[in-house]
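**Q** My questions concern the predicted model and sequence given below.
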Amino acid sequence: MAISKTASPVLTGKVAFVTGGSRGIGAAIVRRLAEDGAAVAFSYASSSAPADELARSIEAEGGRTLALKIDSADAAALTAGIDEAARKLGRIDVLVNNAGVFLPGTLEDFSLEDFDRTLDINVRAVFVAAKAAARHMGEGGRIINIGSTNAERMPWPGGSAYAMSKSALKGLVQGLARDLGPRGITVNNVQPGPVNTDMNPVDGPNAAAMHGLMALARHARPEEIAGMVAYLASPEAAFVTGAGLNIDGGFAA
Ligand SMILES: NC(=O)c1ccc[n+]([C@@H]2O[C@H](COP(=O)([O-])OP(=O)(O)OC[C@H]3O[C@@H](n4cnc5c(N)ncnc54)[C@H](OP(=O)(O)O)[C@@H]3O)[C@@H](O)[C@H]2O)c1
């Protein structure tokens, strides 16, 4: 039997919005969704140079993109940015809530300001963006959040607020999947283990300790996480919703 080839990339005609797309996992997701044929808007907090460079490289290869400087903690700005992307690119089919922060500290030294900032960016912004993007989505829409395997396992001191924020996404995803299921929109959580980015570099001081906890003793490449996001964004994943998918080298196993 001949192997059939699709005539065009799987996300041709679709529009995606990725938060925190300038660097790391977010930049890999932006590139992958663009390769898969989507027009991709993305936000960033302050890294204008890498954001502009990413946008230029996608446009040089014939893709459509839009880079927007938006602090995810600013709900009004995030909503306005998603509305702007929908207006300029025509719609929103895929929202990827990737922007996140890891602010470390144990109970004694962790400030309430850092607690609030962790929740504002890692949780509240996910709800805000989902609410804004869902208004522009039709049947087949996708909401994909980048959680963390730390929702399942936090094996060290100093990560309580971060682990709490990523655990909160599990409940949020389950509830939103119920809210949006009747409209044919899926909502899922991708939970990476260690990924080689500025947040968690492979040559960082904690890398060996992390690897010691894993079935596969290495960091992931950002592109590996982008591959799971691309699957969830694709028509093949139409029956996956309310799920938390670990991609963690067995960190939580
Ligand atoms: N790396 C890991 O090991 C790992 C593991 C599990 C889960 N995760 C999660 O994966 C996601 C991405 O992590 P990463 O490792 O790629 O992080 P990263 O290298 O620190 O990059 C973070 C990205 O998010 C953006 N960002 C940060 N705060 C923002 C804000 N307030 N508003 C808008 N954008 C903001 C940054 O923009 P600027 O460039 O402008 O700062 C950057 O594009 C996060 O949710 C993180 O919790 C990471």
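**A** Looks like it arrived, so ask away.
**Q** Within range of the ligand, give me the residues from the stretch 101-250 of the chain.
**A** Neighbours of the ligand within the stretch 101-250 of the chain, by Cβ under 6 Å from any ligand atom: V101, F102, I121, I146, S148, P192, P194, V195, T197, D198, M199, N200. Any C-beta I mention is one placed from the backbone N, CA and C, and that applies to glycine too.
**Q** tell me the helices in the stretch 51-200 of the chain, going along the chain?
**A** With DSSP state H, counting those that start in this stretch applied, the stretch 51-200 of the chain shows helices at 75-89, 112-119, 125-134, 160-180, listed in chain order.
**Q** could you list every residue that touches R91?
**A** Contact partners of R91, counting by Cβ atoms under 8 Å, 6 or more residues apart in numbering, are V15, H136, M137, G138.
**Q** Give me the buried entries from those residues.
**A** Neighbour-count burial (16 or more other Cβ atoms under 10 Å) applied to the contacts of R91 gives V15, H136, M137.
**Q** ok, back up a step: tell me the one of the contacts of R91 nearest S167?
**A** The nearest member of the contacts of R91 to S167, counting by Cβ to Cβ, is M137 at 25.8 Å.
**Q** I figured A86 hits A134, correct?
**A** No - using Cβ atoms under 8 Å, A86 makes no contact with A134, being 11.1 Å away.
**Q** Mind pulling up the pLDDT for S8?
**A** Note for S8: predicted pLDDT of 85.
**Q** That one should be in a strand, yeah?
**A** No - using DSSP: H, G, I helix; E, B strand; the rest coil, the assignment for S8 is coil, not a strand.
**Q** circling back to that earlier point, which of the helices of the stretch 51-200 of the chain sits closest to T19?
**A** Checking these against T19 by Cβ to Cβ gives helix 125-134 as the closest, at 6.2 Å.
**Q** ok, now which ones touch A243?
**A** Neighbour list for A243: V173, N188, N189 [criterion: Cβ under 8 Å, 6+ apart].
**Q** mind redoing it with 10 Å?
**A** The contact partners of A243, by Cβ atoms under 10 Å, 6 or more residues apart in numbering, come to K170, V173, Q174, A177, T186, V187, N188, N189, V190, Q191, L232, A237.
**Q** which of those residues count as buried?
**A** Buried subset of these (neighbour count, 16+ other Cβ under 10 Å): K170, V173, A177, T186, V187, N188, N189, V190, Q191, L232, A237.
**Q** Could you dump those residues into JSON lines with distance to D71 and pLDDT added?
**A** Shown next, in JSON lines, are those (distance: Cβ to Cβ, whole Å; pLDDT from 0 to 100):
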{"residue": "K170", "distance to D71": "25", "pLDDT": "96"}
{"residue": "V173", "distance to D71": "23", "pLDDT": "98"}
{"residue": "A177", "distance to D71": "27", "pLDDT": "98"}
{"residue": "T186", "distance to D71": "27", "pLDDT": "99"}
{"residue": "V187", "distance to D71": "23", "pLDDT": "99"}
{"residue": "N188", "distance to D71": "25", "pLDDT": "98"}
{"residue": "N189", "distance to D71": "23", "pLDDT": "98"}
{"residue": "V190", "distance to D71": "23", "pLDDT": "98"}
{"residue": "Q191", "distance to D71": "24", "pLDDT": "98"}
{"residue": "L232", "distance to D71": "26", "pLDDT": "98"}
{"residue": "A237", "distance to D71": "30", "pLDDT": "98"}
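**Q** Out of those, which is nearest to the ligand?
**A** Taking Cβ to the nearest ligand atom as the measure, the ligand sits nearest to Q191 out of the buried ones among the contacts of A243, at 7.2 Å.
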